[in-house]
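Enquirer: Here is my input; please provide its structure:
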Amino acid sequence: MEAEGMRQQFPFYNELQAIFTARMQRMVNSKKRELQDLLSSDEEDDYDGETTESRAKKKRKIKGNANPSGSGKLFIREIMGKLMKQQLEMENQWLKAYEEKEEERRIKEMEWRQTMEDLENERIMMDSRWREREEQWRIREETRAEKMDVLITALLNKLTRDDM
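Expert: Sure, this is the predicted structure:
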């Protein structure tokens, strides 16, 4: 049941299980070879006159090292721990990169907003200058028209007096 839960949570569970099983098989085979090598060397040592006490110590040492299921589980736990640490590091790196890009985007957006504000202020100033020039031109035109009216009125008055 636990393995089924792991398969659902971890998409590469079957592949990792196959890899770890193959490694465990290689470890068991290599430990068997080591055990056979040590036993054969023990037999050679027996011929050399080694004591039974030292052979017993070696056999205990071999038996202590030859527990593949316990060390295999530990090995798998270590690998899974390393994998999880690596995954967390990658997630932290991605998060950091995302935050840096987000900060860069925010800064560029602020610069863009400032530029738009500056352009808007410049447009407002240009509009006000244009209105001032228009107002001055209108005032000059009105003054010129008033002067023209005064001159035409004076001319008409003079002409009407001369005619009489």
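Enquirer: Can you pull out the low-pLDDT segments for the chain?
Expert: The chain contains residues with pLDDT under 70 at 1-8, 41-70, 164.
Enquirer: where do the helices sit along it?
Expert: For the chain, the helices defined by DSSP state H cover 2-9, 13-48, 52-65, 68-163.
Enquirer: could those go into a markdown table alongside mean neighbour count?
Expert: The C-beta positions use only the backbone N, C-alpha and C, and glycine is treated the same way. As requested, the helices of the chain are exported to a markdown table (neighbours: other C-beta atoms under 10 Å):
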| stretch | mean neighbour count |
| --- | --- |
| helix 2-9 | 10 |
| helix 13-48 | 12 |
| helix 52-65 | 12 |
| helix 68-163 | 10 |
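Enquirer: Ramachandran angles for F10?
Expert: When read as degrees, to the nearest 10, the backbone of F10 gives phi -120, psi 110.
Enquirer: how near is the residue nearest to it when sequence neighbours are not counted to I79?
Expert: Using C-beta to C-beta, 6 or more residues apart in numbering and skipping residues adjacent in sequence, the residue nearest F10 is L16, 7.6 Å away. Using C-beta to C-beta, to the nearest Å, L16 is found at 8 Å from I79.
Enquirer: Please enumerate the shared neighbours of these two.
Expert: Shared contacts of L16 and I79 (C-beta atoms under 8 Å, 6 or more residues apart in numbering): none.
Enquirer: Now do D149 against E142, distance only.
Expert: 10 Å.
Enquirer: Ok, E100 next?
Expert: On the measure of C-beta to C-beta, E100 and E142 end up 63 Å apart.
Enquirer: With R106 instead?
Expert: 53 Å.
Enquirer: can you give me phi and psi for P11?
Expert: Torsion angles, degrees, to the nearest 10, at P11: phi -70, psi -20.
Enquirer: so how many other residues sit close to it?
Expert: 8 (other C-beta atoms under 10 Å).
Enquirer: In contact with it: list those residues for me.
Expert: Contacts of P11 by C-beta under 8 Å, 6+ apart: none found.
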